[in-house]
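> Here's my sequence, what's the structure:
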Amino acid sequence: MAFDRALIDRVVDDVVGRRREVELVVAGLAASRHVLFEGPPGTGKSTLLRALADHGGLELFFVEGNAELTPARLAGHFDPALVLSKGYEPEVFVDGPLVAALRAGALLYIEEINRVPEETLNLLVTVMSEGELTVPRLGRIPAAEGFAMVAAMNPFDAVGTARISGAIYDRVCRVSVGYQDQAHEEAIVVREAPAADGALIARAVRVVRASREHSDIRIGSSVRGAIDLVLLHQELAKLRDPGEVDLVGVDAARTALSGRIRLRESCSRSPEEVVDELWAAAGESPADGGDGEGGDPGKA
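Below is the predicted model:
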């Protein structure tokens, strides 16, 4: 396939506000390099790569990084039942995603690579350095043309993660992926909720963006929180009696965001209380300090 501007143009039509990142990834793959996305969740890392694979006609093997990803699950294993009858023959080996990608010259995408055990990561070091993998009793498996590894990690969530070794960093080109600006995040919500009111979308995006800067919040919400807030608001408004409409906005915000934000240990308030504050503040017009939606923080 051609890693060119035409491919970039097709990909950015599907990935809002990510032209620079798309260009960097395409350049990396064109140079036969491995790539590491590093950034918070909800910033479109997986979406970008899937769009690139779709538009570029690339086969993509997806691997979810977690503590259960053993070397055998990543590389593959001999089928025990067939080994008893046929022995360790190549045809009884069950390819894992790594070996399958090597044979096919495909992209291997490892999500949350910093959750992968160190012994499993050691397989990747050899593959990235030598372009091949040696499996006991199976032999050497060279990487077919086009093979590349793309990985992603969230540096802000320490639960269940480990530091990525210098050996990995030394073999990848790192692409930092931050949050999009407000206009792009609003465009993402519009794409997911095209029938929603524009004022509601703008307010929802203001809420999630403010959550990333709030003094009581350690980790704020991604744009997914704004999408869920808007969709919940639309459905909840249909279910509530007219006299209950004042609580639609704040209830939608609590439900969409209270589980997404992570409060600092020193904070004595509940997530719902912090979300209430964010929702009320986001209703104030930046221009005049008044409520942009009629003066009641519970309305949207």
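
> Let's see stretch 179-196 as CSV, backbone CA atoms only.
The C-alpha coordinates for stretch 179-196 follow below in CSV (Å, rounded to 0.1, in the frame of the first residue of the first chain):
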residue,chain,number,x,y,z
TYR,A,179,-6.8,16.0,24.2
GLN,A,180,-8.2,17.8,21.2
ASP,A,181,-9.2,21.5,21.5
GLN,A,182,-12.8,22.4,22.4
ALA,A,183,-14.0,22.9,18.9
HIS,A,184,-12.8,19.4,17.9
GLU,A,185,-14.3,17.8,20.9
GLU,A,186,-17.6,19.4,20.2
ALA,A,187,-17.4,18.1,16.6
ILE,A,188,-16.8,14.6,18.0
VAL,A,189,-20.0,14.8,20.2
VAL,A,190,-22.0,16.2,17.2
ARG,A,191,-20.9,13.2,15.2
GLU,A,192,-22.1,10.8,17.9
ALA,A,193,-25.3,12.8,18.8
PRO,A,194,-26.2,14.6,15.6
ALA,A,195,-29.8,15.5,16.8
ALA,A,196,-28.7,17.1,20.1
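
> And the average pLDDT for that stretch is what?
Computed over stretch 179-196, the mean pLDDT rounds to 97.

> cool, and stretch 41-50?
pLDDT averaged over stretch 41-50 gives 92.

> Could you do stretch 252-264 as well?
On average, the pLDDT along stretch 252-264 is 97.

> Tell me which residues of that stretch come out buried.
By neighbour count on 16 or more other C-beta atoms under 10 Å, the buried set for stretch 252-264 is 252-258, 260-263. Yep, even glycine has a C-beta here, placed from its N, CA and C like the rest.

> go on, stretch 170-183?
Here stretch 170-183 shows 171-173, 175, 177, 179-180 as buried, counting by 16+ other C-beta under 10 Å.

> Would you map the strands across the stretch 1-150 of the chain?
35-38, 60-64, 76-78, 93-95, 107-111, 132-135, 139-142, 148-153 (DSSP state E, counting those that start in this stretch).

> Next: the stretch 201-300 of the chain.
Under the criterion DSSP E, counting those that start in this stretch, strands of the stretch 201-300 of the chain are mapped to 217-219, 262-263.

> could those be laid out in TSV, adding distance to residue 119?
Listed next are the strands of the stretch 201-300 of the chain as TSV, based on distance: least, C-beta to C-beta, whole Å:
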stretch	distance to residue 119
strand 217-219	29
strand 262-263	30
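
> which residues are in contact with the helix ranked longest in the chain?
Counting residues, the longest helix in the chain under DSSP state H turns out to be helix 223-239. Helix 223-239 is contacted by residues 41-42, 179-180, 185, 188-189, 192-193, 195-196, 200-201, 204-205, 207-208, 211, 245, 248-249, 251-253, 255-257, 260, 300 when judged by C-beta atoms under 8 Å, 6 or more residues apart in numbering.

> again, only this time at 6 Å
Around helix 223-239, the neighbours that count as contacts under C-beta atoms under 6 Å, 6 or more residues apart in numbering are 42, 185, 188-189, 192-193, 196, 200-201, 204-205, 208, 248, 252-253, 255-257, 260, 300.

> now stretch 257-274
211, 216-221, 225, 254, 275.

> Filter these down to the buried ones.
211, 216-217, 219-221, 225, 254, 275.

> Where is pLDDT lowest across those residues?
residue 219 (92).

> Which residue, other than its chain neighbours, is closest to that residue?
Once flanking residues are discounted, residue 219 sits nearest to residue 262: 4.0 Å by C-beta to C-beta, 6 or more residues apart in numbering.

> circling back to that earlier point, return the closest of the buried residues of stretch 252-264 with respect to residue 144.
Nearest to residue 144 among the buried residues of stretch 252-264 is residue 260, at 40.6 Å by C-beta to C-beta.
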